[in-house]
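In: Return a 3D structure for these sequence lines:
(chains A and B)
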Amino acid sequence: GEDVEQSLFLSVREGDSSVINCTYTDSSSTYLYWYKQEPGAGLQLLTYIFSNMDMKQDQRLTVLLNKKDKHLSLRIADTQTGDSAIYFCAELNQAGTALIFGKGTTLSVSS
Amino acid sequence: EAGVTQFPSHSVIEKGQTVTLRCDPISGHDNLYWYRRVMGKEIKFLLHFVKESKQDESGMPNNRFLAERTGGTYSTLKVQPAELEDSGVYFCASSHPGSGNTIYFGEGSWLTVV
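Out: Next up, the predicted model:
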């Protein structure tokens, strides 16, 4: 079945780069997403990538997609304390009707 | 433009009671989704509306959950009777067909069943 895996925790120092990794199982996924959840808040869409792309950059965020290995990563440059949150990777299911989420990676940024 | 709004933001009810969660999608979004995250688990899909029609309700856990979207605008999710394991965050999301599948989520309704 469809499944998305992420490491649960990542700790970085302010100013460093953060890389959050995700693997997924459904090779037919057309879209892959990164969402951010700050404490007590909802899910904020950070970025998404279409499956025919290898990379997408948006300001401090870089998404890399390796379709062969079914690996997705989110790089945050110059990580700030305000980036501390849970980051969820998600793929769109085969039917295109639902997102399959990973368990989320908790990013902790220390000053 | 207003985002996806959900009500109530927090609710504490006793086991056996009924709770109704409401979601107002982004105006013009035909697709409306319900998801939930129970403690320590993944965010799980519950169901998907296209306008007023249920497109996919494969994620609904059991018949204590009833979702409606009369008129194709706002949606409600009723839990009756609520059980302890229903505690968690219920997210609503919406998207517009042809938008590149950008799916926007609300702030969530945090439900605690005691």
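
In: Where does pLDDT dip in chain B?
Out: B:1, B:98-100 (pLDDT under 70).

In: show me what contacts B:Tyr33?
Out: For B:Tyr33, the contact set (CB atoms under 8 Å, 6 or more residues apart in numbering or on different chains) comprises A:98-99, B:45-49, B:92-95, B:103. Every C-beta, even on glycine, is put in place using the N, C-alpha and C of the backbone.

In: could you redo the last one with a cut-off of 10 Å?
Out: Counting by CB atoms under 10 Å, 6 or more residues apart in numbering or on different chains, B:Tyr33 makes contact with A:97-99, B:4, B:23, B:25, B:45-49, B:55-56, B:59, B:75, B:91-95, B:103-105.

In: Looks like A:Gln80 contacts A:Val109 (just checking).
Out: Yes: using CB atoms under 10 Å, A:Gln80 is in contact with A:Val109, at 6.6 Å.

In: about what we covered before: could you list which of the contacts of B:Tyr33 belong to helices?
Out: Counting by DSSP state H, the contacts of B:Tyr33 place none of their members in helices.

In: circling back to that earlier point, common neighbours of A:Gln80 and A:Val109, please.
Out: A:14-15.

In: Compare those two (neighbour count), which wins?
Out: More neighbours surround A:Val109 than the other of A:Gln80 and A:Val109, with 20 against 12 (other CB atoms under 10 Å in any protein chain shown).

In: Return the distance of that one relative to chain B.
Out: Counting by CB to the nearest CB, to the nearest Å, the gap from A:Val109 to chain B is 23 Å.

In: Could you do A:Leu92 as well?
Out: Taken as CB to the nearest CB, the span from A:Leu92 to chain B is 6 Å.

In: That residue contacts A:Leu32, doesn't it?
Out: Yes: using CB under 10 Å, A:Leu92 is in contact with A:Leu32, at 7.5 Å.

In: Quick one: residues contacting B:Lys44.
Out: Applying CB under 10 Å, 6+ apart to B:Lys44 gives the contacts A:98-101, B:34-38, B:59, B:61, B:88, B:91.

In: Which among the residues you listed count as buried?
Out: Among the contacts of B:Lys44, those classed as buried by 16 or more other CB atoms under 10 Å in any protein chain shown are A:98-101, B:34-38, B:59, B:88, B:91.

In: What is the nearest of those residues to B:Thr70?
Out: B:Trp34 (15.1 Å; CB to CB).

In: Tabulate the buried ones among the contacts of B:Lys44 (a markdown table), appending distance to A:Gln37.
Out: Formatted as a markdown table, those follow (distance: CB to CB, whole Å):
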| residue | distance to A:Gln37 |
| --- | --- |
| A:Ala98 | 18 |
| A:Leu99 | 14 |
| A:Ile100 | 16 |
| A:Phe101 | 11 |
| B:Trp34 | 17 |
| B:Tyr35 | 12 |
| B:Arg36 | 14 |
| B:Arg37 | 9 |
| B:Val38 | 15 |
| B:Gly59 | 19 |
| B:Gly88 | 13 |
| B:Phe91 | 10 |
